[in-house]
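Enquirer: below is the sequence, then the predicted model.
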Amino acid sequence: MASRSFIKLLAFLPISFAEATCPLTMDNRFPINSTGASVDAGLLPFNSKYDLGEDQTWAQDLQFPSVPRSLFDGSDDKAFEVTISDESIFQGTQTGFRRTELLPQRAPGDASTDPLVNTTTSGVQTFHLSIMRDEIRSLNYSHEYYLSWLESADFSRDQFVVGTGTLFGNGDNVTTTQVAQTLYVRSNNVNADSQKTLWQTPFTTETWHNVGLTLDFTRNTVQVFYSKNSAPLTSQGPAVSNDLSGHGSFHVGLLKKPTGLGLTDITTQGFQESGINEGMIFGGVFEEDSSSGCVSLSSFG
């Protein structure tokens, strides 16, 4: 894809460097003329095979709604929507989940995609995405949903999670609507007891929620940036300690956890209602090299 221009903030360098360009590590915005079939054909920087329900295709599971352009999408880009249904059962075996997730990668043909050495999970990177609710394909907020996360190469844990809904294991998964309809960033979940909410905000409707995560893979820290609609990102606090080791793959989409008590394997156990027709709208997905201290705050538009 062609390179893009951004307004930059150099958070850790003198202000005289404020207009330096942050190199893109991944550019996963959808070109205006692309389709779900473009992903199936391996023409876009996503894994064409994962993660889908058995016998599902991206042509089936991706929609392209008519919504205002997100903060970091340019005139050549468009928003995309990831959907789940009753058939969104990964490999036909994870019956406890309903899941459809794009796995952002470097450009097709890039040789540096080995998850153990991938530059996307080395040094200091800032991962960006914008998220908007779809009230036609609305979620069931009594469930917990992952919207974006980094999964370690050995599949043992998620180094961070951007999610919404009722946290799994919260009693009988009943909570107030206000609490459940929250957008949050959660820490490494090597075990349930150690996971913490690093940041959260009301997940309001008809709003682009823009999230930037500066991930320091050397120091094992995360710093959250956030804004709504066309407003520039602002820091939500200093970098905080969070184990980012293990490399792996980024996910963008929907993973819907089951409800239920006393479950020993939530991938195959728990309750999922029938008739699921749910979706989440995304835009402005990319990762930039922030090793010099720069973070993109807003697009030139």
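Expert: Good, I have the coordinates.
Enquirer: shaky segments in the stretch 101-250 of the chain?
Expert: Residues of the stretch 101-250 of the chain meeting the criterion pLDDT under 70: 108-117, 170-175, 190-194.
Enquirer: that one: strands as residue ranges?
Expert: Using DSSP state E, counting those that start in this stretch, the strands found in the stretch 101-250 of the chain span residues 124-133, 144-151, 158-165, 182-186, 197-202, 209-216, 221-228, 234-235, 240-241, 249-256.
Enquirer: between these, which one is closest to residue 97.
Expert: Among the strands of the stretch 101-250 of the chain, the nearest to residue 97 by CB to CB is strand 249-256 (6.0 Å). For every residue, glycine as well, the C-beta is placed using N, CA and C.
Enquirer: so that closest one versus strand 158-165, what angle?
Expert: 30 degrees (axes from the mean of the first three to the mean of the last three CA atoms, to 10 degrees).
Enquirer: just checking, what packs against strand 249-256?
Expert: Here strand 249-256 touches strand 80-85, strand 98-102, strand 144-151, strand 277-289, going by 3 or more CB pairs under 8 Å, 6 or more residues apart in numbering; DSSP states H and E.
Enquirer: pairing partners for the next helix or strand after the last one, with directions?
Expert: Scanning the chain past strand 277-289 towards its C-terminal end, the next helix or strand to appear is strand 294-299 (assignment: DSSP states H and E). Taking DSSP bridges as the criterion, strand 294-299 sits next to strand 6-10 (antiparallel) in its sheet.
Enquirer: can you put the strands of the stretch 101-250 of the chain in TSV and add distance to residue 58 and mean neighbour count?
Expert: TSV is the format used below for the strands of the stretch 101-250 of the chain (distance: least, CB to CB, whole Å; neighbours: other CB atoms under 10 Å):
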stretch	distance to residue 58	mean neighbour count
strand 124-133	18	24
strand 144-151	17	24
strand 158-165	21	24
strand 182-186	25	20
strand 197-202	30	16
strand 209-216	23	24
strand 221-228	29	20
strand 234-235	34	14
strand 240-241	35	14
strand 249-256	11	24
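Enquirer: most neighbours per residue, which of the helices and strands packed on strand 249-256?
Expert: Comparing those by mean neighbour count (mean count of other CB atoms under 10 Å), strand 98-102 comes out on top with a mean of 26.
Enquirer: what angle do that strand and strand 80-85 make?
Expert: Using the same axes, to 10 degrees: strand 98-102 against strand 80-85 is 160 degrees.
Enquirer: strand 98-102: how far from the chain's middle?
Expert: 11 Å (CA atoms, centre = their mean, to the nearest Å).
Enquirer: from residue 132, how far out is residue 238?
Expert: Per CB to CB, to the nearest Å, residue 238 is found 28 Å from residue 132.
Enquirer: do residue 124 as well
Expert: From residue 124 over to residue 132 the distance is 28 Å, taken as CB to CB.
Enquirer: got it, and residue 126?
Expert: Taking CB to CB, one finds residue 126 at 20 Å from residue 132.
Enquirer: equivalent analysis for residue 159, please.
Expert: Distance of residue 159 to residue 132, given as CB to CB: 25 Å.
Enquirer: right, so of the helices and strands packed on strand 249-256, which gets closest to residue 206?
Expert: From these, taking CB to CB, the stretch that ends up closest is strand 277-289, at 10.8 Å.
Enquirer: packing partners of that closest one?
Expert: strand 24-27, strand 77-78, strand 80-85, strand 124-133, strand 249-256, strand 294-299.
Enquirer: roughly how far out does the shortest one sit from the chain middle?
Expert: To tie it back to what came earlier, the one meant is strand 77-78. Counting by CA atoms, centre = their mean, strand 77-78 comes out at 17 Å from the chain centroid.
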